[in-house]
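K.L.:
make a model of this:
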Amino acid sequence: MAGRAPLSTLLSQTLVAFTIEFDNEAERRLPHRTTDFGRTPGSLHAPWLASMAMWFNCMRFVGEQGIALRELRQLAATETNLNGMQRWGYVYLEPDPADPRPKPPKADWMVRALPGGRMVRQIWEPLFAEIEGRWRQRFGPEAIDKLREALAAIAAQLDGDLPDCLPIVGYGLFSFEPHVKKAPRREQAAAAAEPGAVAALPLPALLARALGAFAKEFERESAVSLAMSANVLRVLDEMPTRVRDVPELTGISTELVAVSTGWLARNGYAVLSTAPAPGRGKQIRLSEKGLLAQARYGKLVAEIEKGWEQSFSPTAVKALRTALEPMVEDGTAEKSPLFRGLEPYPEGWRAKVRKPALLPHFPLVTHRGGYPDGS
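P.N.:
Numbers count the residues shown, from 1 in each chain. This next block holds a predicted model:
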């Protein structure tokens, strides 16, 4: 693995890039509101802006007739931020009028789309094919076809219960943490694993299934989540690093850096201290335990990829690497072709914040709206 990015990093940065390009286009077309940057003029009742993950874990299933909450969880195979989706103006929850029981359990209540949610469905659904079409023009049809084929060949052999997006991270930024409530089994799991059904999935769903399977394996063997290991833990060492520099080193938001550094310090992997004068704020360094965990991350991602070569065949894993590496390069704004599609529209919120120097080494989908860098 020396000199090569882990397979999980290649999958992550490709998925993050697709998501940001999708989100930027959706923001341009969708009347919306945001906390920091106001609202689209004349859009008093527009929904609060959220990311592509909220399509996969919620809105794709909330059709004209609505859907029972229990069924939504089964179909999505992961939890959504239901309180947020209600508060942000996407859906509302009510007892099923056809249910004769005086007090049906909340799991049997109906999730229905608000006007903002219906508008979002109309805008989001066709965007998957449109953004993939841009990628075909940018990277070439053959490159995208090979990427799809490689992903589908592996995804068809994975657990059919994997969601089509990465789960919202839990405590410690775990995607599949054992003590976080597990989503109910998807009724269509067997059908979802059929090669024909897998091949028809949107490109980001194929990426998410492969990456989710990788994260699930990693987190069965590691006391530190893949999101934590691949991002913040990876860039630290025994010498102090200013915490304010970590967002630029990782490509993740300041808020998630604070969550990560706090967790690492509380659990003995790092030491937080006040930066000496003339510096300001906090600095962080890895403890001996943290250095061992950092080394464990590098070893474990290599072991999982080697295990995939045995499970899915070396040819399948090599085909996936061969498809991803030219697109990702080193994942930086300077060299990665993925950044060609990431220039935000002038009116977009990403045009008003500092541009990232690199893409995250693992997406950070949070309850704050599902953005892949934790924004």
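
K.L.:
now do the strands in the stretch 1-150 of the chain.
P.N.:
67-68, 91-94, 110-113 (DSSP state E, counting those that start in this stretch).

K.L.:
mean pLDDT, mean neighbour count and distance to residue 126 for those strands - can I get that in a markdown table?
P.N.:
For every residue, glycine as well, the C-beta is placed using N, CA and C. Listed next are those as a markdown table, based on pLDDT from 0 to 100; neighbours: other C-beta atoms under 10 Å; distance: least, C-beta to C-beta, whole Å:
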| stretch | mean pLDDT | mean neighbour count | distance to residue 126 |
| --- | --- | --- | --- |
| strand 67-68 | 96 | 18 | 21 |
| strand 91-94 | 96 | 16 | 20 |
| strand 110-113 | 96 | 22 | 17 |
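
K.L.:
can I get those in TSV including distance to residue 325?
P.N.:
Below are these laid out as TSV (distance: least, C-beta to C-beta, whole Å):
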stretch	distance to residue 325
strand 67-68	40
strand 91-94	40
strand 110-113	40
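
K.L.:
of those, which approaches residue 278 most closely?
P.N.:
Closest of these to residue 278 is strand 91-94, at 50.6 Å (criterion: C-beta to C-beta).

K.L.:
export that closest one as CSV, just CAs?
P.N.:
Provided in CSV are the C-alpha atoms of strand 91-94 (Å, rounded to 0.1, in the frame of the first residue of the first chain):
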residue,chain,number,x,y,z
VAL,A,91,-42.2,16.6,5.8
TYR,A,92,-44.8,16.3,8.5
LEU,A,93,-46.0,13.3,10.6
GLU,A,94,-49.5,12.4,11.4
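
K.L.:
neighbouring strands - and their directions - for that strand?
P.N.:
In the sheet, strand 91-94 lines up against strand 110-113 (antiparallel) (DSSP bridges).

K.L.:
gap between the partner strand and the chain center?
P.N.:
Computed by C-alpha atoms, centre = their mean, to the nearest Å, the chain-centroid distance of strand 110-113 equals 24 Å.

K.L.:
now do stretch 95-112
P.N.:
31 Å.

K.L.:
sorry, back to before: out of the strands of the stretch 1-150 of the chain, nearest to residue 266?
P.N.:
Ranking the strands of the stretch 1-150 of the chain by proximity to residue 266 (C-beta to C-beta) places strand 91-94 first, at 35.1 Å.

K.L.:
from the chain's centroid, how far away is that closest one?
P.N.:
When C-alpha coordinates are averaged (C-alpha atoms, centre = their mean), strand 91-94 and its chain have centres 25 Å apart.

K.L.:
now do stretch 51-60
P.N.:
Distance, stretch centre to chain centre, for stretch 51-60: 11 Å (C-alpha atoms, centre = their mean).

K.L.:
could you export it as PDB, CA atoms only?
P.N.:
Output of stretch 51-60 as PDB, limited to C-alpha atoms (Å, rounded to 0.1, in the frame of the first residue of the first chain):
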ATOM      1  CA  SER A  51     -27.700  17.800   1.300                       C
ATOM      2  CA  MET A  52     -28.100  14.800  -1.000                       C
ATOM      3  CA  ALA A  53     -28.100  12.300   1.800                       C
ATOM      4  CA  MET A  54     -31.500  13.500   2.900                       C
ATOM      5  CA  TRP A  55     -32.900  12.300  -0.400                       C
ATOM      6  CA  PHE A  56     -31.500   8.800   0.100                       C
ATOM      7  CA  ASN A  57     -32.600   8.400   3.700                       C
ATOM      8  CA  CYS A  58     -35.900  10.100   3.500                       C
ATOM      9  CA  MET A  59     -37.400  12.100   0.600                       C
ATOM     10  CA  ARG A  60     -37.000   9.500  -2.200                       C
END
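
K.L.:
wait, residue 231 touches residue 260, no?
P.N.:
Yes. At 6.8 Å, residue 231 and residue 260 qualify as touching, with contact defined as C-beta atoms under 8 Å.

K.L.:
can you give me the strands in the stretch 251-375 of the chain?
P.N.:
Going by DSSP E, counting those that start in this stretch, the stretch 251-375 of the chain shows strands at 270-274, 282-286.

K.L.:
helices or strands next to the first one in the packing?
P.N.:
In this case it means strand 270-274. helix 254-266, strand 282-286 (3 or more C-beta pairs under 8 Å, 6 or more residues apart in numbering; DSSP states H and E).

K.L.:
ok, and what's touching it?
P.N.:
236, 240, 243, 261-262, 264-265, 281-287, 290 (C-beta atoms under 8 Å, 6 or more residues apart in numbering).
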